[in-house]
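Colleague: only the shape, not the letters, is given here:
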């Protein structure tokens, strides 16, 4: 925010009268001043107008509808207070969906991030054909989640799927990928991991490359091995990035829909809701049962959940970053910020 | 997780805010760094790349067989010869609407990406380099909107579009996506770092209007960031599923929606389903072949630049 133009509010102070009397400003000058004042608002207006129409209005309207018994035919609702929220919270399917969502989220984010760190560490080494490796790692990212889901639900087929064929070839029992809740979560988490691990690896790689190389030189001089360096320098430096990767995958993970909806051909989350997620539940309520009031209430519950978990994550982030104030990237970051402030 | 790409990218810049400075320094001294990549690094990366490629190969393998391939326990690892036939049955099936879906995907994604780039560059320029009352607060507001889940708006949006008679129309997926908070944030960050204030000052002294300053300074400077924003928005729009699945007509879908129909139409014949999946993935694979490097550097820049 160090723009050097004339502050628009400074010269506008004298009232019109003075301007006319003194006649300092020609028409073009006035136009220019008006241009200076109004242009920024014009430039940002497309975003805000669109957001008001397709963002703000729907959010507020969702809140209104969530207190209503919505009539699809008359396209209007009858106010019934918190009944829809109570219905959701008392519905065992909601709790199943919530459990599944968290389970799939944990199964996808934990191994994914561990693997991403590992891949990033390999990419961070002095390797040949860097661009080739980096690009290849990102290849799954361009495949549509729906496509990923179709391919993997085929590989995780209960009877003739690739994975079960391999397992039985090895003399192991076949796994009921579609019947057992836990295994269905593993299968769905695998789809998520396939698509996002490389992406996260690249983000972490960028953070790794930001660690000043003198740290490693000093550590080498001090006799620290590769593993020790990774543990004491690389990992602590990654912390802020890591936590943000975790927060974003939380936000995304809590909204998971594409993969579970395509895990079988009915798309309803399994016969007993084995892999029913919150968003899938929302779709079922809204567009299979056509109950918009309940769907809206569920949307708000989901939003509050994301908000609460996001805030918890933020608090943890802050604490961890403060703990790291003396070493690692957080310390570097802090010092840079200080430098920036001083400028 | 269709909504994740923008969000995932979005938050990264905040995560490592400030780290950008360290990077150039690090790069200069990369060569001195102790570890040399040995056999195990290449082996490990090889495994990673193989597992990234495998699902593509698997869908080709099944897609080039016939209905019995999938249940054959001694399935061959060499593709069969039926891919074109299977692909043809996807393309020609009137229930799948492959060509309209492809066209819808192409033009909706292009339109969305173009609009996002245009509106984001404008707003990003204002936020990065122009002074106006409330700019800080408004920018914080923009960033905050990125955390709002898609689901929060779908019910009223659906009612709105149903009222307008637009459900089933591709317009219903284009309109809500025309602007992007992430795009505004991304452009603000980029322009703030790349355009020196002196340049704008000089333009103003020369009597350039704000619009002229925007065209002659902001637009050329924003070009690399605009290209990346276009790519990411395009990929995100192309792969988006939740909202199109809700609002689009099955007879006039986008590719992901068409894919989901494929599964319910052909649940017996996985060869046709997976041939269709691969076919629908080809356009983005082509894009990736051309612009993969930009995508990579985009992710890495998004992660590092503060």
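Modeller: Received, thanks. Predicted model, so just to flag it, every value in this text is computed and none were measured.
Colleague: in which helix or strand does residue 250 reside?
Modeller: As the question left the chain open, I've gone with chain A. Secondary structure assignment for residue A:250, by DSSP states H and E: helix A:235-254.
Colleague: the residue nearest to residue A:164 when sequence neighbours are not counted: neighbour count?
Modeller: Once flanking residues are discounted, residue A:164 sits nearest to residue A:174: 4.2 Å by Cβ to Cβ, 6 or more residues apart in numbering or on different chains. Where you see a C-beta, it was placed from the backbone N, CA and C, and this is true even at glycine. The number of residues packed near residue A:174 is 16, by other Cβ atoms under 10 Å in any protein chain shown.
Colleague: would you confirm that residue A:205 contacts residue A:123?
Modeller: Yes - contact criterion Cβ atoms under 8 Å: residue A:205 and residue A:123 qualify, at 5.0 Å.
Colleague: the two: who's more crowded?
Modeller: Neighbours per residue, other Cβ under 10 Å: of residue A:205 and residue A:123, the larger number sits with residue A:205, 27 against 23.
Colleague: OK, contacts around the nearest residue to that one once chain neighbours are set aside?
Modeller: What sits nearest to residue A:205 in space, not counting adjacent residues and going by Cβ to Cβ, 6+ apart, is residue A:120, at 4.2 Å. By Cβ atoms under 8 Å, 6 or more residues apart in numbering or on different chains, residue A:120 lies in contact with A:201, A:202, A:204, A:205, A:208.
Colleague: quick check: which element contains residue B:148?
Modeller: Using DSSP H and E, no helix or strand contains residue B:148.
Colleague: distance check, it against residue B:171.
Modeller: 22 Å (Cβ to Cβ, to the nearest Å).
Colleague: remind me which residues of the chain are low pLDDT?
Modeller: All of this refers to chain A. For chain A, the stretches with pLDDT under 70 are A:1-25, A:317-318, A:320-343.
Colleague: other chain: chain B
Modeller: Counting by pLDDT under 70, the ranges of chain B that qualify are B:1-37, B:69-74, B:266-268, B:302-306.
Colleague: try 50 this time
Modeller: B:1-34, B:304-306 (pLDDT under 50).
Colleague: immediately after the helix or strand where residue A:197 lies, which helix or strand?
Modeller: Element membership for residue A:197 (DSSP H and E) is helix A:181-209. Tracing the chain C-terminally past helix A:181-209 and defining elements by DSSP H and E, one meets helix A:213-221 next.
Colleague: just name whatever secondary elements that following helix is in contact with.
Modeller: helix A:226-229 (3 or more Cβ pairs under 8 Å, 6 or more residues apart in numbering or on different chains; DSSP states H and E).
Colleague: report the buried residues of the helix it packs on.
Modeller: residue A:229 (16 or more other Cβ atoms under 10 Å in any protein chain shown).
Colleague: thinking again about what came up before, helices and strands around the helix or strand just after the helix holding residue A:250, which ones?
Modeller: Moving toward the C-terminus from helix A:235-254, the next helix or strand (DSSP H and E) is helix A:258-261. For helix A:258-261, the packing partners by 3+ Cβ pairs under 8 Å, 6+ apart come out as helix A:145-155, helix A:181-209, helix A:278-283.
Colleague: hmm, 6 Å instead?
Modeller: On a contact count with 3 or more Cβ pairs under 6 Å, 6 or more residues apart in numbering or on different chains; DSSP states H and E, helix A:258-261 meets helix A:145-155, helix A:181-209.
Colleague: reformat these as TSV; add distance to residue A:230.
Modeller: Below are the helices and strands packed on helix A:258-261 laid out as TSV (distance: least, Cβ to Cβ, whole Å):
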stretch	distance to residue A:230
helix A:145-155	31
helix A:181-209	10
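Colleague: spell out which parts of the stretch 201-306 of chain B neighbour chain A.
Modeller: B:201, B:204, B:209-210, B:239, B:241-242, B:246, B:256, B:259-260, B:263-264, B:267, B:270, B:277, B:281, B:284, B:288, B:292, B:296, B:299-300, B:303-304 (Cβ under 6 Å from any Cβ of the partner chain).
Colleague: what about residue A:77, which SS state?
Modeller: strand (DSSP: H, G, I helix; E, B strand; the rest coil).
Colleague: give the contact list for it.
Modeller: By Cβ atoms under 6 Å, 6 or more residues apart in numbering or on different chains, the contact list for residue A:77 reads A:68, A:70.
Colleague: quick check: the residue nearest to residue B:212 when sequence neighbours are not counted vs residue B:93, distance?
Modeller: Nearest residue to residue B:212, sequence neighbours excluded (Cβ to Cβ, 6+ apart): residue B:203, at 7.4 Å. Per Cβ to Cβ, residue B:203 is found 57 Å from residue B:93.
Colleague: kindly report the same for residue A:139.
Modeller: Per Cβ to Cβ, residue A:139 is found 28 Å from residue B:93.
Colleague: got the contact list for residue B:163?
Modeller: No contacts exist for residue B:163 under Cβ under 6 Å, 6+ apart.
Colleague: and residue 89, how many neighbours?
Modeller: Just so you know, I chose chain A. Residues near residue A:89, counting by other Cβ under 10 Å, number 13.
Colleague: that answer is for a different chain, and I need it for chain B
Modeller: Residue B:89, neighbours per other Cβ under 10 Å, totals 17.
Colleague: hang on, isn't residue B:120 packed against residue B:183?
Modeller: Yes - counting by Cβ atoms under 6 Å, residue B:120 does reach residue B:183; the two are 3.2 Å apart.
Colleague: what residues are shared contacts of those two?
Modeller: Common neighbours of residue B:120 and residue B:183 (Cβ under 6 Å, 6+ apart) do not exist.
Colleague: chain A contacts on the stretch 51-200 of chain B?
Modeller: With the criterion set to Cβ under 6 Å from any Cβ, the stretch 51-200 of chain B comes near chain A through B:52, B:55, B:59, B:70-71, B:119, B:122-123, B:126, B:129-132, B:149, B:151-153, B:155-157, B:176, B:178-179, B:184, B:197.
Colleague: which of residue B:148 and residue B:171 has more neighbours?
Modeller: Comparing residue B:148 with residue B:171 by other Cβ under 10 Å, the one with more neighbours is residue B:148, at 20 against 15.
Colleague: phi and psi next, for the more buried one.
Modeller: In terms of degrees, to the nearest 10, the main-chain angles of residue B:148 are phi -80, psi 120.
Colleague: so what's it up against?
Modeller: Listed by Cβ under 6 Å, 6+ apart, the contact set of residue B:148 is empty.
Colleague: go on, residue B:192?
Modeller: residue B:128.
Colleague: what helix or strand is it on?
Modeller: Counting by DSSP H and E, residue B:192 is part of helix B:181-194.
Colleague: which parts of that helix are buried?
Modeller: Across helix B:181-194, burial judged by 16+ other Cβ under 10 Å covers B:181, B:182, B:183, B:184, B:185, B:186, B:187, B:188, B:189, B:190, B:191, B:192.
Colleague: how near is the residue nearest the centre of chain A to chain B?
Modeller: Ranked by distance to the mean C-alpha position of chain A (Cα atoms, centre = their mean), the top residue is residue A:248 at 3.2 Å. Distance, residue A:248 to chain B, using Cβ to the nearest Cβ, to the nearest Å: 4 Å.
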